[in-house]
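>>> Show me the folded form of this:
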Amino acid sequence: MTEVTETVHKNGPYYFDSKIRLSEGISYAAESKALFWIDIYNAYIHRVTDIDDISTHTVWHASVDNYEGLYPFTTDLPERIGAIFPIDRADGVEEVYFGAKYGIARMNYTTLRWQYLVHYSDSGLQKDWTGLRSNDGNVSPDGEIFIGIMNDFHCTVDSEDPKGALLKVNLRENICELVIDKLMIPNAINWSQDGTTVYFTDSLNFSIYKYPYQDKNLIVEDKALFIDIKKFNSQFDSPEPDGSFIDPDTHNIITAVWSTSTVQRYDTKGDLIHKWTFPETNRISACTLAQGHMFVTTANEIIEDNASPEGLGGSIFKVENVSTYMGSSKRNPITAEH
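Numbers count the residues shown, from 1 in each chain. Take a look at the predicted model:
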């Protein structure tokens, strides 16, 4: 096994704002040629409509003030955004669906208002939903949203009694179902190109697992370890695999690894073959392809308190010519309207 390390620092960040806390969930919509990412902590959706022109950047904030109708939950806790699912069209993205604090919501770019469509409590799970929030998610080959939920920032992850879960949401029928319960930090989920295998990241177990995918479901009992991240990152105390994608050119998994300053490429056997290192920050949170380039999100060293953020954590970085793939990073979810 030959491993290559590449340091990324030539031109500084692609985008930086000192107020950013936890950039994540970066996604490219190829028809509209728009790049999206989120700030989980601040409940921001960022959009760039021309990736070669950062002046096309705008940001939107999910709050009680721009909610459509009566906000259905307590206003004592802030909103969060854990994942984003744009409805990609050649004439532009008018609507995005996103994993909010309590469920899946929809935002309209014309009105800039938003509304919950499905509540995670609809799953029938008995959980304290005020203590949870959305994390990463993706759209299955069947057009359904698979999304993780985990402890919100004011709650501590309990390894003895984990509260997180992986859920499946059908937006055509507004149904929410449990896939896997009792997870600490459920993270990236990706499908093989033929749609028969799911690769699912369990961050605090430092692992990416694979499952057969049949009849719109993970075959949970056939879980197998695919990548042991700690095996390849033994020099770090907590090398947590975070957001990732599968490169359609090579079928390799490319994953951000939190607390290591790196994005890492693993081959189809699960071996580490390449590292991109970002010296400006150790909290690398997610990555995606856009027009063949890789865009990488990061988090600030200060997320949860009221102190001022510091350093370049929270920045977006661009790595040129990683792949020849020019398509979208996610499918459109199938909804009643689309």
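>>> Report pLDDT for the nearest residue to Pro162 once chain neighbours are set aside.
Distances taken as Cβ to Cβ, 6 or more residues apart in numbering put Met184 closest to Pro162, at 4.5 Å, once the chain neighbours are dropped. Backbone N, C-alpha and C define where each C-beta goes, glycine included. Note on Met184: pLDDT of 98.
>>> Surely Met184 and Asp161 touch.
No - counting by Cβ atoms under 8 Å, Met184 stays clear of Asp161, with 10.1 Å between them.
>>> More neighbours: which of the two?
Shown here are Met184 and Asp161; by other Cβ atoms under 10 Å, Met184 has more neighbours (18 against 7).
>>> any idea how far Ala83 is from the more buried one?
Distance of Met184 to Ala83, computed by Cβ to Cβ, to the nearest Å: 17 Å.
>>> And the pLDDT for Gly12?
Listed pLDDT for Gly12 reads 85.
>>> so what's it up against?
Gly12 makes contact with Leu312, according to Cβ atoms under 8 Å, 6 or more residues apart in numbering.
>>> Can you classify it by secondary structure?
Three-state assignment for Gly12 (DSSP: H, G, I helix; E, B strand; the rest coil): coil.
>>> Roughly how far does it sit from Leu22?
20 Å.
>>> Pull the number of nearby residues for Asn108.
If you count neighbours by other Cβ under 10 Å, Asn108 ends up with 13.
>>> And Lys210, by the same measure?
Applying other Cβ under 10 Å, we find 20 other residues in the vicinity of Lys210.
>>> do the same with the one 4 residues further on
As a burial measure, the neighbour count of Gln214 was computed by other Cβ under 10 Å and equals 11.
>>> May I have the beta-bridge partners of it?
Using DSSP bridges, the beta-bridge partners of Gln214 come out as Asn217.
>>> State the distance from it to Ser134.
From Gln214 to Ser134 the distance is 26 Å (Cβ to Cβ).
>>> Identify the residues contacting Val118.
Val118 is in contact with 103-104, 169, 171, 174-176, counting by Cβ under 8 Å, 6+ apart.
>>> make that Ser32, sorry
49, 86, 88-93.
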